[in-house]
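# Based on what follows, work out the 3D shape:
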Amino acid sequence: MLRKYWVAVPLFLLLTVLSGAIDRPSEGCESYFASKPGTVLDLIEYNNKQQETGRTNYTVKSHSGQTTTIHVLTIDSKGKQLVNTDYTVTCDGNEIIADQKKIVASTVAANMKDPNVSTEVRGENARTPVVLTVGQELPDNEIDIDVKSSGINMTVKVKTTNRKVAGAESITVPAGTFDCIVVTADTETMALVPKKTKSKSWMAKGIGLVKMETYDKKGKLEKVQVLTNIKS
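Prediction:
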């Protein structure tokens, strides 16, 4: 159970860390993230054998001032909820700040057998500059998760480094064809079983994540997540 959870954590962090900007050009925010209330994005995740392993649904609930509130629901291939929570994305005109800690806390609660487990997520939320250009290096990010229960007392560290805007590409996924920026990153999860992964994400203006590939430390493809449907 623990190993399943810790392997899953980087995916949810990257979905927020790699999120670009909210659609608010009047205040200097470009649009690499859906912000129109009522917008629904559906994504499916596959393993390296092209077997479906999970589904994620993002619904934009509200947009007010500098803040967009989004509901995220993630289920695994057996229908178990891994994430079911609201989180916020804020634009101050210079940076985009995603409340990734809410997603991590929700994931922990869903994957622990002990109903009395307590968690504390520490560290700064993910920050991404509003303006993204090819070759640009993005800020690192690290959070710590303290887990306490009758059988567990441990701290897990999740660190994302080497974030970079690697290019610009047009790609086709089940939801359509999109012009995207490409962001690459390394993630290290330090827990009972340390794990290093690399990711490549395609982000489209006004939408956000269109496709993400995750690789192990040797460069072998582990999973792929693709956008399958958009409703607005």
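
# For the residue of the chain positioned farthest from its centre, give its distance to Asn116.
What lies farthest from the middle of the chain is Ser150; by CA atoms, centre = their mean that is 29.9 Å. Separation of Ser150 from Asn116 (CB to CB, to the nearest Å) stands at 7 Å. For every residue, glycine as well, the C-beta is placed using N, CA and C.

# again with Asn94
Distance from Asn94 to Asn116, by CB to CB: 42 Å.

# Looking at these two now, which is surrounded by more residues?
Asn94 (11 against 8; other CB atoms under 10 Å).

# who's in contact with Thr228?
Counting by CB atoms under 8 Å, 6 or more residues apart in numbering, Thr228 makes contact with Asp42, Leu43, Ile44, Val173, Pro174, Ala175.

# part of a helix, is the first one?
No. When DSSP: H, G, I helix; E, B strand; the rest coil is applied, Asp42 is found to be strand, with no helix at that position.

# Run through the residues that contact the closest residue to it other than its chain neighbours.
Nearest non-adjacent residue to Asp42, counting by CB to CB, 6 or more residues apart in numbering: Asn229, 4.2 Å away. Counting by CB under 8 Å, 6+ apart, Asn229 touches Val40, Leu41, Asp42, Pro174, Ala175.

# what do you get for Lys196?
Taking CB under 8 Å, 6+ apart, we find Lys196 in contact with Asp186, Thr187, Glu188, Thr189, Asp216, Lys217.

# How is it assigned, secondary-structure-wise?
strand.

# List the buried residues for the helix or strand hosting Val210?
Assessed by DSSP states H and E, Val210 sits inside strand 208-216. By neighbour count on 16 or more other CB atoms under 10 Å, the buried set for strand 208-216 is Gly208, Leu209, Val210, Lys211, Met212, Glu213, Thr214, Tyr215.

# for stretch 35-47, same thing?
Here stretch 35-47 shows Ser35, Thr39, Leu41, Asp42, Leu43, Ile44, Glu45 as buried, counting by 16+ other CB under 10 Å.

# Stretch 52-69 now?
Those would be Thr53, Gly54, Arg55, Thr56, Asn57, Tyr58, Thr59, Val60, His63, Gln66, Thr68, Thr69, for stretch 52-69 by 16+ other CB under 10 Å.

# who touches it?
15, 22, 24, 27, 33-47, 70-77, 82-83, 86-92, 208, 223, 225.

# Cheers, nothing more for now.
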